[in-house]
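>>> Any chance you could fold what I've pasted below:
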Amino acid sequence: MNYRMVLNMLGKILLIMAVLMLPCIVVSAATGGSDLLAFVISALIIAAIGGAFLFIKPKDTNFFAKDGFVVVSLSWILMSLLGALPFLISGVFTNYIDAVFETASGFTTTGASVCGAISAMPHGIGLWRCLIIFIGGMGVLVFVMAVLPLSKERSMHIMRAEVPGPSVGKLVAKAKNTAVILYGIYFALMLVEAGLLLLGGMSAYEAFTTAMSTAGTGGFMVTDAGMIGRSYYLQAVAGVFMLLFAVNFNIYYYVLLKKFGVAIKNEELRWFLGIYAVAALVIAVNIRGQYPTFLHALHHAAFNASSIYSTTGFASTDFNTWPMLSKFILLLLMFFGGCAGSTAGGIKTSRVMILLKNGWNELRRLAHPRYVHAMRIDHKPVAEPVVRSVLVYFSAIIALTFLSILLVSLDGKSFETTVSAVFACIFNVGPGFDAVGPTSYYAHFSYFAKIILSFDMLIGRLEVWPILLLFAPPTWRRRSAFR
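Now for the predicted structure:
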């Protein structure tokens, strides 16, 4: 472990985090918000800590894979702990655990909230909630790579640790340039959505915060009702963009290069859209009796399936009142999540593909012991280490999910509340069912349960290993097999 290098990089990240508070300071000053001093104090505290870390100069520049994982995991933990300062100092939350829960929910793009009075928040705080979702969606360290000069080795180790999916590749030769391209596409899509929301009658403040939240597939909004009761136009715009942001961003790069055939033939994209279409149609048929016409039912089914599958967490209606079949389908969509290389949570559609194809291959091997067939995705063989990593990841996330359910159940909530709360947090969705439905909040959980759920959010967003490696003793040795 190169301790000095890790601390130096953490210092740079914290300084960037302090700079990210400047838009909130400007908005707060322009609107005469009561949160102005809170942001100024928070930015100074974070900048001071970051500056102290930055003065720790590394004696050597060796940067191993485990260092990348540690930088990523510690960065997200520190940002959740320090990003909570504006909430606490401004008085929006009166206790630190609630403030950390809200911040972790934002950075991990979960969208689970412990606040029931969103509209009463000052504009600066409202912007901060959505801004941290926007930065967390594509990845905080990916953002750092895009704006800071980092060595090729450091960039690739960080990208592998932070970018979701079973495998990580570069769009171009340099990881930094890949980060710039990804954020360029990300920002452009967000601006297009904001413009369309403005055309639908949203104010500039609400349109841009909603677009940032949609881009990060996070689900925070600056009004209490969220998307419930909005016009069908606004809901349709948000529904389409939730799906767009849940698609692998590599596909958009292929479109920019006019490689339309490569984009259209992407197998994960076809699975993603196919699963979404089937889920929306089945839900629409199942909830038909609750709406005036089938088109109304289809609209709400399509919107909420898009929201849950992309793990954004918006709602056009209270799906807590839907039949059990529809709620079970939504629970499955939470688990599946969007595409690899997107801002969505869940285990990712590509992993679902690998699990199902591997299971089918195993069945065929049982029937024909001499059967040999390489698994293929996009007509390319999937390497055995990738299949193994998917199986291990799946085992780990299931084990952690059940452990979290066991611990959160100590609160004594209903089975539906407990299970869906853990699913919604570990797969970065936000709303669940029963007492954590789309019109409810997480404030009623104990502090212990909130800590567990906050940990789940980080585990889910970073896909298990960066966080778990912090608890492995070899990680902290100066020389180990984890290089």
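>>> Near A188, how many residues? Count them for me, please.
11 (other C-beta atoms under 10 Å). Just so you know, the C-beta spots here come from the backbone N, C-alpha and C atoms, and that holds for glycine as well.
>>> now swap in L469 and tell me
Applying other C-beta under 10 Å, we find 20 residues neighbouring L469.
>>> Ok, the one 5 residues further on next?
Neighbouring residues of P474 were enumerated by other C-beta under 10 Å; the total is 13.
>>> Which strands or helices does the helix or strand where F423 lies pack on?
Element membership for F423, per DSSP states H and E: helix 415-426. Applying 3 or more C-beta pairs under 8 Å, 6 or more residues apart in numbering; DSSP states H and E, we find helix 415-426 packed against helix 324-336, helix 384-408, helix 447-461.
>>> Give me the contact list for it.
Contact partners of helix 415-426, identified using C-beta atoms under 8 Å, 6 or more residues apart in numbering, comprise 105, 110, 112, 313, 331, 334-335, 397, 400-401, 404-405, 408-409, 411, 413, 429-436, 442, 445, 453-454, 456-457, 459-460.
>>> doesn't I125 make contact with V27?
No - applying C-beta atoms under 8 Å as the test, V27 and I125 come out as separate, 9.6 Å apart.
>>> which residues do those two both contact?
Between them, V27 and I125 share the contacting residues G33, judged by C-beta under 8 Å, 6+ apart.
>>> Which pLDDT value goes with S151?
Looking at S151, its pLDDT reads 51.
>>> who has more neighbours, V27 and I125?
When neighbours are counted by other C-beta under 10 Å, V27 and I125 differ, and I125 comes out ahead with 26 against 22.
>>> Which residue, other than its chain neighbours, is closest to that one?
Leaving aside its sequence neighbours, I125 sits nearest to D35 (C-beta to C-beta, 6 or more residues apart in numbering; 5.1 Å).
>>> now the one you found: how far from A443?
Per C-beta to C-beta, to the nearest Å, D35 is found 20 Å from A443.
>>> do G32 as well
Counting by C-beta to C-beta, the gap from G32 to A443 is 28 Å.
>>> do F245 as well
Taking C-beta to C-beta, one finds F245 at 28 Å from A443.
>>> Please apply the same query to I426.
Distance from I426 to A443, by C-beta to C-beta: 19 Å.
>>> the more surrounded of those two?
More crowded of I426 and A443, by other C-beta under 10 Å: I426, with 30 against 13.
>>> Check what pLDDT the more buried one gets.
96.
>>> And A481, by the same measure?
At A481, the model reports a pLDDT of 50.
>>> List the contacts of the most centrally placed residue in the chain.
Nearest residue to the geometric centre of the chain (C-alpha atoms, centre = their mean): T109, 3.9 Å. By C-beta under 8 Å, 6+ apart, the contact list for T109 reads 133, 136-137, 216-219, 311, 343, 345, 428, 461.
>>> List phi and psi for it.
Main-chain torsions, T109, degrees, to the nearest 10: phi 60, psi 30.
>>> Then K380?
phi -120, psi 140.
>>> Name whatever forms a beta bridge with it.
Per DSSP bridges, the residues bridged to K380 are I377.
>>> So what touches stretch 188-195?
Outside stretch 188-195, the residues that reach it (C-beta under 8 Å, 6+ apart) are 134, 207-208, 210-212, 214-215, 237-238, 241, 244-245, 252.
>>> So which of these are in helices?
134, 207-208, 210-212, 214-215, 237-238, 241, 244-245, 252 (DSSP state H).
>>> out of those, which are buried?
Among the ones in helices among the contacts of stretch 188-195, those buried by neighbour count (16 or more other C-beta atoms under 10 Å) are 134, 207-208, 210-212, 214-215, 237-238, 241, 244-245, 252.
>>> Tabulate these in JSON lines, adding columns for distance to L20 and pLDDT.
Putting those into JSON lines (distance: C-beta to C-beta, whole Å; pLDDT from 0 to 100) gives the following:
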{"residue": "F134", "distance to L20": "10", "pLDDT": "93"}
{"residue": "A207", "distance to L20": "20", "pLDDT": "96"}
{"residue": "F208", "distance to L20": "15", "pLDDT": "96"}
{"residue": "T210", "distance to L20": "19", "pLDDT": "96"}
{"residue": "A211", "distance to L20": "17", "pLDDT": "96"}
{"residue": "M212", "distance to L20": "12", "pLDDT": "96"}
{"residue": "T214", "distance to L20": "19", "pLDDT": "96"}
{"residue": "A215", "distance to L20": "15", "pLDDT": "94"}
{"residue": "V237", "distance to L20": "26", "pLDDT": "97"}
{"residue": "A238", "distance to L20": "24", "pLDDT": "96"}
{"residue": "F241", "distance to L20": "23", "pLDDT": "97"}
{"residue": "L244", "distance to L20": "24", "pLDDT": "95"}
{"residue": "F245", "distance to L20": "20", "pLDDT": "95"}
{"residue": "Y252", "distance to L20": "24", "pLDDT": "90"}
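>>> Can you lay out the residues you listed as CSV showing distance to D60?
Shown next, in CSV, are these (distance: C-beta to C-beta, whole Å):
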residue, distance to D60
F134, 35
A207, 48
F208, 44
T210, 46
A211, 43
M212, 39
T214, 43
A215, 38
V237, 51
A238, 49
F241, 45
L244, 43
F245, 40
Y252, 39
